[in-house]
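Enquirer: The following block contains a protein sequence and its predicted model.
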Amino acid sequence: MKDIKNIYLIAICGTGMAALAGLLKGAGHKVSGSDTNIYPPMSVLLENAGIPVLPGYRKENIKGDIDLVIVGNTVSKTNEEVQAVLEAGLDYTSFPEALSRFFLEGRKSLVVAGTHGKTTTAALLTWVLHASGRNPGFMVGGWLKNFDNNHQVPEGGYFVTEGDEYDSAFFDKGPKFLHYRPDVSILTGIEFDHVDIFKDLDQIKDAFRKYVDLIRPEGVILVKYGDTNIQDVLGEAVCRVESYGYLEGADWRIGDYRFEGGYGYFSLSYRAEKKADFQLAMIGRHNVENAAAVAALCIGLGLTADEINSAFKSFQGIKRRQEVVGVTNGVTVLDDFAHHPTAIRSTLEAVKEAYPGQRLWAVFEPRSATSKRKVFEQDFPDSFLAADRVVFAGLFAPEKIKKEDRLDPERVVALIRQKGGNANFIPEVDDIVGFMAENVENKDVVLVMSSGGFGGIHQKILDQL
C-alpha cells in the first residue's frame with residue numbers, strides 16, 4: 001500500500017465512505033473526494049479530518065495524479081466521474097474491498113452481521129476491546145459516543161467491522177460483508193429486509209450462507225439461539241458454532257435479567273457453568289442479548305469478566321439509538337433509527353420498561369427503501385401495540401416507489417386501531433408537531449423513529465413544548 005499515496009472517493013459523504021476516508025487519512029494517505037449530498041454529521045467529520053470534499057460529480061475532478069479511486073455504491077457506471085476514471089484507466093475499487101485491502105490484512109477480523117442490532121453490537125465490542133487496552137481499529141455504521149467518531153485506525157491486532165449485507169458497488173453487486181475476511185463473527189439474526197436489492201428471504205439467506213462459509217476453520221461464529229433462519233444458513237460453516245440467548249439450550253445462556261436504575265443486570269453461563277454477572281448501561285432485553293454475544297466473544301479472546309463488565313458499565317451508546325434528545329416540561333423526546341417491525345417492537349418494549357408507568361408515544365416515518373413498501377404492511381400494526389399512542393407520518397419521497405408497491409400508512413393506522421391501539425395518520429411534519437403540542441402531557445415519553453432526519457421533528461416538538 002506504500003505506493004498508493006493519493007486516494008479519491010466518489011460519494012465520500014456516505015456513513016461508511018466518510019469513515020473509510022477518515023481511516024485512510026489517519027493511516028497517512030492523501031485523501032479527497034466528491035458528493036452531491038454534503039451535510040452533517042459526515043461533512044463535519046471530513047472537515048475535521050482535513051479531507052477536501054468537492055460538491056457535485058464532474059469529470060474535471062479526476063486528475064492524473066490519483067493512485068486509487070474508491071467508488072461508493074450509490075453511484076452507477078454512468079456517473080460522470082466514474083466515466084472519467086474508466087477512460088483514464090485509473091485503478092479503482094469498492095469501499096468494502098478497500099477496507100479489507102488497507103486495514104484487515106494481517107489483523108484478526110471481528111465482524112458483526114445480522115438484520116438487527118449489528119451497529120450497537122459492533123460498537124459495544126469495540127468499546128470493550130478499547131477499554132481493556134487492546135487498541136482495536138473499527139468501522140461502524142453509527143456514531144459511537146465513547147469515541148465521538150465512527151472509526152479508528154488500529155494500533156493493535158484487532159479490527160471490528162459492522163458487516164453490512166448491502167451491495168458493494170455497481171461493478172460488485174455482492175454484499176459488503178463478503179470482503180471482510182472474518183476470523184470471529186457474531187450473527188444477531190436474519191430477517192427479510194433491503195427489498196430494493198433482495199427479492200425475497202431466500203436470496204438474503206444465500207448471501208449469509210456465503211458469508212458463514214468465509215469464516216476460517218479455526219474461527220468461531222456466535223449466533224442468536226432459536227433463530228430458524230440462522231439455522232438454515234449454518235450448513236456451510238466450517239468454523240465452530242456457538243449460540244447465545246435467554247432460552248434453555250443456548251450455549252451462552254442469559255439469566256437473572258432485570259432492569260434497574262438505568263442498567264440491565266444479567267448473568268452469563270456457558271453450558272450450565274456460570275461465568276460472571278454483568279451490568280450494562282443500556283435499556284432493553286434485546287441489548288442485553290447483544291451484550292451477551294460480545295461477552296462470549298471477548299471471553300474467547302482471553303479478556304476477563306471484570307474487563308468486560310467495566311466496559312459495559314461505561315458504554316455511552318450510539319447516537320440515534322434510544323438517544324434522549326431533550327426533556328421539556330416533563331416530556332422526554334427520544335430518537336431512534338428503528339424502521340423494521342422487529343426493531344420497532346424491541347425498541348418500544350425497551351423504552352416502556354425503562355420508563356415504567358409513563359405514557360409512550362411512537363412517532364414513525366416510513367423512510368427506508370423497505371419500510372416505504374407494502375412488504376411489512378401486515379407486520380407493522382402488531383409491532384406498534386406496545387405504544388400507548390402512535391402517530392404515522394407520510395412516506396418520505398414516495399415517488400421513488402411504484403404506486404402499487406407503496407405502503408399505505410392509513411391502512412396500517414386502521415389495523416392498529418382494530419387491534420385496540422390508539423393511532424393517527426398525520427402526513428406532514430409540522431402538523432404532527434402541532435398535534436403533539438396539543439396532546440402530550442407531563443411525564444409522557446415521545447419516541448421518534450426514522451432512518452433519516454424526519455425534518456428535524458425531534459427539536460421542533462421540544463421547541464413547541
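Expert: Happy to help now that I have it. Numbering: from 1, shown residues only.

Enquirer: Verify the stated contact: Asn73 with Lys173.
Expert: No: in this structure, Asn73 is not within contact of Lys173 by CB atoms under 8 Å, at 9.1 Å. All C-beta atoms are positioned from the backbone trio N, CA, C, and that covers glycine.

Enquirer: Overlap of the contact sets of these two?
Expert: Asp167 (CB atoms under 8 Å, 6 or more residues apart in numbering).

Enquirer: the more surrounded of the two?
Expert: Higher neighbour count among Asn73 and Lys173: Asn73, with 23 against 10, using other CB atoms under 10 Å.

Enquirer: That one falls within a strand, correct?
Expert: No: assignment of Asn73 by DSSP: H, G, I helix; E, B strand; the rest coil gives coil, placing it outside any strand.

Enquirer: Quick check: closest non-adjacent residue to it.
Expert: Here the nearest residue to Asn73 in space, its sequence neighbours aside, is Ala169; by CB to CB, 6 or more residues apart in numbering that works out to 5.2 Å.

Enquirer: Over to Gln464?
Expert: Ala437 (4.0 Å).

Enquirer: Tell me which stretches of the stretch 51-200 of the chain form helices.
Expert: 80-88, 95-99, 118-131 (DSSP state H, counting those that start in this stretch).

Enquirer: who touches the first one?
Expert: Contact with helix 80-88 is made by 10, 34, 57-59, 61-62, 64, 69, 71, 75-77, 92, 170, as judged by CB under 8 Å, 6+ apart.

Enquirer: Buried ones among those residues?
Expert: Neighbour counting by 16 or more other CB atoms under 10 Å classes Ile10, Ser34, Tyr57, Asn61, Ile62, Val69, Val71, Val75, Tyr92, Phe170 among the contacts of helix 80-88 as buried.

Enquirer: ok, the residue nearest to Asn73 to Gly106 distance?
Expert: 24 Å (CB to CB, to the nearest Å).

Enquirer: between the two, which one's more packed in?
Expert: The neighbour comparison of Ala169 against Gly106 (other CB under 10 Å) goes to Ala169, with 25 against 9.

Enquirer: Could you pull up the contacting residues of that one?
Expert: Val71, Gly72, Asn73, Ser94, Phe95.

Enquirer: ok, so of the contacts of helix 80-88, who is nearest Pro41?
Expert: The shortest approach to Pro41 among these belongs to Ser34, at 18.3 Å (CB to CB).

Enquirer: Touching, that closest one and Lys59? I think so.
Expert: No: in this structure, Ser34 is not within contact of Lys59 by CB under 8 Å, at 10.9 Å.

Enquirer: where does the stretch 1-150 of the chain have low pLDDT?
Expert: Within the stretch 1-150 of the chain, the stretches with pLDDT under 70 are 1-2.

Enquirer: Could you report the neighbour count for Lys402?
Expert: 9.

Enquirer: got the phi/psi numbers for it?
Expert: phi -60, psi 140 (degrees, to the nearest 10).

Enquirer: quick revisit: keep only those of the contacts of helix 80-88 that are in strands.
Expert: Mapping those onto strands (DSSP state E) picks out Ile10, Ser34, Val69, Val71, Tyr92.

Enquirer: how far away is the nearest residue to the third one once chain neighbours are set aside from Met17?
Expert: So that's Val69. Once flanking residues are discounted, Val69 sits nearest to Tyr92: 4.1 Å by CB to CB, 6+ apart. Computed as CB to CB, the Tyr92 to Met17 distance reads 14 Å.

Enquirer: hey, where'd the strands end up in the stretch 351-465 of the chain?
Expert: Assigned by DSSP state E, counting those that start in this stretch, the strands in the stretch 351-465 of the chain fall at 360-364, 389-392, 423-425, 445-449.

Enquirer: out of those strands, nearest to Pro40?
Expert: Using CB to CB, those put strand 445-449 closest to Pro40, at 18.0 Å.

Enquirer: Okay, now the sheet partners of the closest one, with direction.
Expert: Neighbouring strands of strand 445-449 in its sheet, by DSSP bridges, are strand 331-336 (parallel), strand 360-364 (parallel).

Enquirer: mind listing what Val238 touches?
Expert: Asp213, Ile215, Arg216, Pro217.

Enquirer: now those as TSV including neighbour count?
Expert: Formatted as TSV, the contacts of Val238 follow (neighbours: other CB atoms under 10 Å):
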residue	neighbour count
Asp213	14
Ile215	24
Arg216	13
Pro217	8
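
Enquirer: Inside helices: which ones of these?
Expert: Counting by DSSP state H, the part of the contacts of Val238 found in helices is Asp213.

Enquirer: pLDDT and distance to Asn287 added to the contacts of Val238, as a markdown table?
Expert: Putting the contacts of Val238 into a markdown table (pLDDT from 0 to 100; distance: CB to CB, whole Å) gives the following:
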| residue | pLDDT | distance to Asn287 |
| --- | --- | --- |
| Asp213 | 94 | 29 |
| Ile215 | 95 | 25 |
| Arg216 | 92 | 29 |
| Pro217 | 94 | 31 |
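
Enquirer: would you list the contacts of Val238 in CSV and tack on distance to Lys319?
Expert: Output for the contacts of Val238, formatted as CSV (distance: CB to CB, whole Å):
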residue, distance to Lys319
Asp213, 34
Ile215, 30
Arg216, 34
Pro217, 38
